[in-house]
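Peer 1: Whatever this is, show me its structure:
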Amino acid sequence: MQTVIGIDDTDSRERGMCTTYAARLVARRLRERGHRVSEIRLVRLNPAVEHKTRGNAALAIHTAAPPAVAFDAATGVVNETAETDDERTNPGVVVATAVDEPVVAFAADAVSTFHTIEDADRLVAERDYRSAGWGVGRGKIGALAAVGAHAAFDDWTYEYIAYRDPDRWGTPRDVDVDSLFAAADAAYPGAWDTVDRGEGAPVCVPNAPGPILYGIRGDDPVALARVAAGVESEPVHDRALFVTNQGTDVHVQPGKLGDLSEGRAYRLTADVVEAPETGPGGHVFFAVGDGDERLACVAFEPTKRFRDRVRDLRVGDRVTVVGEVTDGTLKLEKFAVRDLQETTLATPTCPTCGRSMESAGADQGYRCRDCGTSAPGRVEVPVSRDLEAGWYEVPPVARRHVAKPLIRGGFDAPTHPER
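Peer 2: Below is the predicted model of the structure:
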């Protein structure tokens, strides 16, 4: 018999903790009681959810333990570790042995849309799952989604997480950056988004209070372990390997201009209809459209050098944009150049003297005052473009947990990965 334990919302923005740590404790407790644990899944849900902490992660522990034993272990750990003194922390636990299609659909929808606590409670009650909630019990949404995730998604990656000694929680982390960069270079691309070479920043080391020392992500668990072995740091208190939907773009759905909903991520193709413009704070805005439909897009300042690629766009370029829609604006995560405008209209040059012609008046074309030559209007001339066809992405420092790095492959055009 396979038992799946879902846990969500044990952490706090200010007070720390981490639901991955709670899941690791549950798995350890079950193994100590003689029960097999086959895997722990780290499931990223819709990053637009208002009540998320940082990465909106829920956890699923797959075990051979009986449901009653699993429920006891999970609720015990949540009681002991969850930061419920923060009113915004509302943990949930769901334990199931049979996962049917409605639960799988619930998990799939939780990554791209929204659910209510009532949605989760109804499905739990209909299936007689064991469940518990603290506070308003919002965590039951993510817990139920985690229970169904293994059957909802096809693309999975890994994260190797090293945890700190509890006595060090809340203090500055001691990780040697040079050793981290060297280990990351040696394991790339099996391990990705470990560091950001362009910004010189260690991406895998969090800043928030809590138990995580670092988290190495990638497609190859062996490569992740090699990175961890090469990192010089404070003592590692514990470690765990998670199967995860991070880096998969599973939150993105096909979109159509004029039919987009708030708080959802889309992929759609259109023409650039308003040239990029840098606004206050360094954010870069432009618009795409088809016919009468338009969509504002933005590359925020934290996306750093990605904004230079956005600034290279011109009106008339055909692009595919990917990102979350908020307040009617698509927050760009990546884009693909489909077709570039490689000519522009310019004032004609006199074929005799080589000087630029001047306007001969409204609707009268152009003429060279010295030579008397004329031209009916502006002419097309080649324009140099720094962009090439293919996909461009935000750098690792700005990448959402669930967003797919270009280095993973599987895209429909050439890629220009950021490292």
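Peer 1: Quick one: name whatever helix or strand follows the longest strand seen in the chain.
Peer 2: Criterion DSSP state E: the longest strand present in the chain is strand 264-278. Sequence-wise, the next helix or strand downstream of strand 264-278 (DSSP states H and E) is strand 284-290.
Peer 1: List the buried residues for the helix or strand just after that following strand?
Peer 2: Following strand 284-290 in sequence order, the next helix or strand is strand 293-299 (DSSP H and E). Across strand 293-299, burial judged by 16 or more other Cβ atoms under 10 Å covers 295, 297-299. Glycine gets a C-beta too; all of them are placed from N, C-alpha and C.
Peer 1: I'd like to check the angle between strand 293-299 and strand 264-278, please.
Peer 2: Inter-element angle recorded for strand 293-299 and strand 264-278: 70 degrees (by axes from the mean of the first three to the mean of the last three Cα atoms, to 10 degrees).
Peer 1: tell me the average confidence for strand 293-299?
Peer 2: The average pLDDT for strand 293-299 rounds to 97.
Peer 1: Against residue 365, how distant is residue 116?
Peer 2: Using Cβ to Cβ, to the nearest Å, we find residue 116 at a distance of 65 Å from residue 365.
Peer 1: next one: residue 121
Peer 2: Where residue 365 is concerned, residue 121 sits at a distance of 73 Å (Cβ to Cβ).
Peer 1: more crowded one of those two?
Peer 2: Between residue 121 and residue 365, counting by other Cβ atoms under 10 Å, residue 121 is the more crowded of the two (17 against 14).
Peer 1: Checking that one next. Helix, strand or coil?
Peer 2: helix (DSSP: H, G, I helix; E, B strand; the rest coil).
Peer 1: Run a quick neighbour tally on the residue nearest to it when sequence neighbours are not counted.
Peer 2: Spatial nearest neighbour of residue 121, chain neighbours left out: residue 140 (6.8 Å); criterion: Cβ to Cβ, 6 or more residues apart in numbering. Applying other Cβ under 10 Å, we find 29 residues neighbouring residue 140.
Peer 1: helix/strand/coil for residue 140?
Peer 2: What three-state DSSP gives for residue 140 is helix.
Peer 1: that older thread, and the longest strand of the chain, what's buried?
Peer 2: For strand 264-278, a neighbour-count test (16+ other Cβ under 10 Å) marks 264-273, 276 as buried.
Peer 1: Please name every helix or strand in contact with that strand.
Peer 2: Applying 3 or more Cβ pairs under 8 Å, 6 or more residues apart in numbering; DSSP states H and E, one finds that strand 264-278 contacts strand 252-254, strand 284-290, strand 293-299, helix 306-311, strand 318-326, strand 329-339.
Peer 1: if I look at residue 279, how far off is residue 303?
Peer 2: Separation of residue 279 from residue 303 (Cβ to Cβ): 14 Å.
Peer 1: Okay, helices next: where are they in the protein?
Peer 2: Secondary structure of the chain by DSSP state H: the helices cover 19-32, 67-81, 101-112, 117-127, 139-152, 177-187, 221-230, 306-311.
Peer 1: okay, those helices, which one's buried deepest?
Peer 2: helix 139-152 (a mean of 28; mean count of other Cβ atoms under 10 Å).
Peer 1: Using CSV, write down the CA coordinates of that helix.
Peer 2: Presented in CSV, the C-alpha positions along helix 139-152 are these (Å, rounded to 0.1, in the frame of the first residue of the first chain):
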residue,chain,number,x,y,z
GLY,A,139,-2.4,24.8,3.9
LYS,A,140,-4.8,22.0,3.2
ILE,A,141,-5.0,23.4,-0.4
GLY,A,142,-1.3,22.9,-1.0
ALA,A,143,-1.2,19.6,0.9
LEU,A,144,-4.0,18.1,-1.2
ALA,A,145,-2.2,19.4,-4.4
ALA,A,146,1.0,17.7,-3.3
VAL,A,147,-0.9,14.4,-2.7
GLY,A,148,-2.0,14.4,-6.4
ALA,A,149,1.1,15.9,-7.9
HIS,A,150,3.0,12.7,-8.8
ALA,A,151,0.2,11.8,-11.2
ALA,A,152,-0.5,15.3,-12.5
